[in-house]
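**Q** Got a sequence here, can you build the structure:
(one chain, ligands or ions: 1)
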Amino acid sequence: MRYLLGLIVIALLAAGGVYVYAGRLAGPAIEIAKPVKYVGQTGTIEVAITAPGAKLSAFQVTFEQNGKQTPLASLAKPGKAEIKQEGADRVRITQAIGRDVLTDLKSGPAKIVVTAERPVLYGLRKTQATASHDVTVRLEKPTVAVISTKHYINLGGSEMVVYRATPADVESGVQVGDLTYPGFPASGAKVEGVHITDPAIKIAFIALRWDQDVNTPMHAYAKDEAGNTARADFDHLSFPKPFKKSRIPLDDKFLDRVVPQILETTQEVNPQGSNLEKFLVLNGELRQKNAQTIANYSKQTAPEILWGGAVFHPFTNTAVEAAFADQRTYIYDGKEVDRQTHLGFDLARVVNSPVLAANRGKVMHAGPLGIYGNCVILDHGMGVQSLYGHLSSIAVKVGDMVEKEQEMGRSGMTGLAGGDHLHFTMLVNGVMVNPVEWWDAHWIQDRIVRKLREASSS
Ligand SMILES: [Zn+2]
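**A** Residues are numbered from 1 along each chain as shown. Predicted coordinates for the structure are as follows:
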């Protein structure tokens, strides 16, 4: 009897031990993915819960602020939350939050708390886990207002907008259709007669891309980290610009010279077949890839106007062989084989002419660049850059500061070039734009310097 009692006690102790042990097993793994840091006028909570080997028995998402706890989604009452099963043992809970859900929401610190429970020991016990995540609620909307006046923008051309955005550190810029142009602090406008110290005043260089609709809508915007946004329209007139059509005859002599030479320095495409077939890949696919490489240099732009407001070197004394956005049709053996848009100017002088920096800037690229052959890209700051293609030699290196009209190398016919010439283009935030405006002293004065001086005295 005593023996039996002993056995029962041992069995109970063992069962108790298992029971206690099961209770100490890890609870579900909770990951609060959103919001990362801020909650705005509107926001999203996103939580992923993993409960290995078993389904969840319960979860609760709670929002805590100023001592008040507001229960949001739970397994029993999902409310407006979306609960998605991801595989056998993981759920993702997504819930929109904001003033409509959290009526007492105030700017300041807050916390998101998530508890979750999974069954263990054949469902006899449950084991729990809790996770919390500190956030900052920011309900104040940013503001944006345009200061500059009289914006005239040609299709394929550039403009500049001066605006005020608060708070001063808010992300802001100008939206032109689906393209975004970032704003830079106006304190970086190192131009004579311009001295802007208000940190809220920003400058955005913008473009109406050659293939956008002439009536593309544009506005200034500000967007804070909590997702609160503001926008401001500005007075502007856009003008269409007729682009020329041209025919480019191709022959085997040209293809035999340019195709192998470009392929030697490029890893981005590996075309097969005849030189004509290879040429079509270079002229199409490689042209696009090069445009992307070139556009990426805008991310490294200086937040300053490095060129002091001086007109860009206009390359007079050169013959213009092709202009910006010429619509080119390529002819081989009497048949049309390709169509492309020529986004630059082709300027010819004599063989091996000095290639001069159009304005003061920093060398971003100095070396082969696909169809552009030996190529130099200069950064003039605030997203404004210039490109020089088909050089026979380059005399500058990446990182060099060059002065206006400093020699950077010699012209040539590397890349897709029929003869010795300089291919020149301007870029605004990676978008190729018509350089003619930048060569015009009146345009520089009216569109850029005037607006900076007006903002400076306001
Ligand atoms: Zn060209």
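
**Q** For D134, see how far away the nearest residue to T266 once chain neighbours are set aside is.
**A** Nearest residue to T266, sequence neighbours excluded (CB to CB, 6 or more residues apart in numbering): G370, at 5.3 Å. Yep, even glycine has a C-beta here, placed from its N, CA and C like the rest. For G370, the distance to D134 equals 48 Å [CB to CB, to the nearest Å].

**Q** Looking at these two, which is more packed in?
**A** G370 (24 against 10; other CB atoms under 10 Å).

**Q** Tell me who's in contact with that one.
**A** Listed by CB atoms under 8 Å, 6 or more residues apart in numbering, the contact partners of G370 are I262, T265, T266, E268, L282, L286, R287, K289, N290, T293, G415.

**Q** Buried members of those residues into ChimeraX, please.
**A** Here is the ChimeraX selection string for the buried members of those, based on 16 or more other CB atoms under 10 Å:
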select :262,266,282,286,287,290,293,415
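
**Q** Not counting residues beside it along the chain, what's closest to H151?
**A** Per CB to CB, 6+ apart, closest to H151 is H236, 3.9 Å.

**Q** Quick check on that neighbour: phi, psi?
**A** For H236, the backbone dihedrals (degrees, to the nearest 10) come out as phi -160, psi 150.

**Q** isn't it right up against Y152?
**A** Yes - with contact defined as CB atoms under 8 Å, H236 counts as touching Y152 (7.2 Å).

**Q** Identify the contacts common to those two.
**A** Common neighbours of H236 and Y152 (criterion: CB under 8 Å, 6+ apart): E159.

**Q** The two - which one has more neighbours?
**A** Neighbour count, other CB under 10 Å: between H236 and Y152, H236 has more, with 19 against 14.

**Q** For that one, give me the pLDDT.
**A** For H236, the pLDDT comes out at 97.

**Q** measure it to the ion for me?
**A** 30 Å (CB to the ion, to the nearest Å).

**Q** now that residue: how far from N215?
**A** Separation of H236 from N215 (CB to CB): 11 Å.

**Q** Just the mean pLDDT for the helix or strand encompassing E321, thanks.
**A** Assessed by DSSP states H and E, E321 sits inside strand 319-322. Strand 319-322 shows a mean pLDDT of 90.

**Q** longest helix anywhere in the chain?
**A** Counting by DSSP state H, the longest helix found in the chain is helix 2-24.

**Q** Name the residues that touch it?
**A** V120, L121, L124, R125, T127.

**Q** so what pLDDT did the first one get?
**A** The pLDDT attached to V120 in the predicted structure is 79.

**Q** If it is in a bridge, with which residues?
**A** R125 (DSSP bridges).

**Q** which residues sit in contact with the residue in the chain positioned nearest to the ion?
**A** Closest residue of the chain to the ion, CB to the ion: H423 (3.4 Å). If you count contacts by CB under 8 Å, 6+ apart, H423 has them with G344, F345, D346, L347, Y372, L387, Y388, G389, H390, G415, A417.

**Q** Include pLDDT, distance to the ion and secondary structure when you put those into a markdown table, please.
**A** As requested, the contacts of H423 are exported to a markdown table (pLDDT from 0 to 100; distance: CB to the ion, whole Å; DSSP: H, G, I helix; E, B strand; the rest coil):
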| residue | pLDDT | distance to the ion | secondary structure |
| --- | --- | --- | --- |
| G344 | 95 | 5 | coil |
| F345 | 95 | 7 | strand |
| D346 | 95 | 4 | strand |
| L347 | 95 | 9 | strand |
| Y372 | 98 | 8 | helix |
| L387 | 98 | 10 | strand |
| Y388 | 98 | 11 | strand |
| G389 | 98 | 7 | strand |
| H390 | 98 | 7 | strand |
| G415 | 97 | 9 | coil |
| A417 | 95 | 7 | coil |
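
**Q** Having no further points to raise, I will conclude here.
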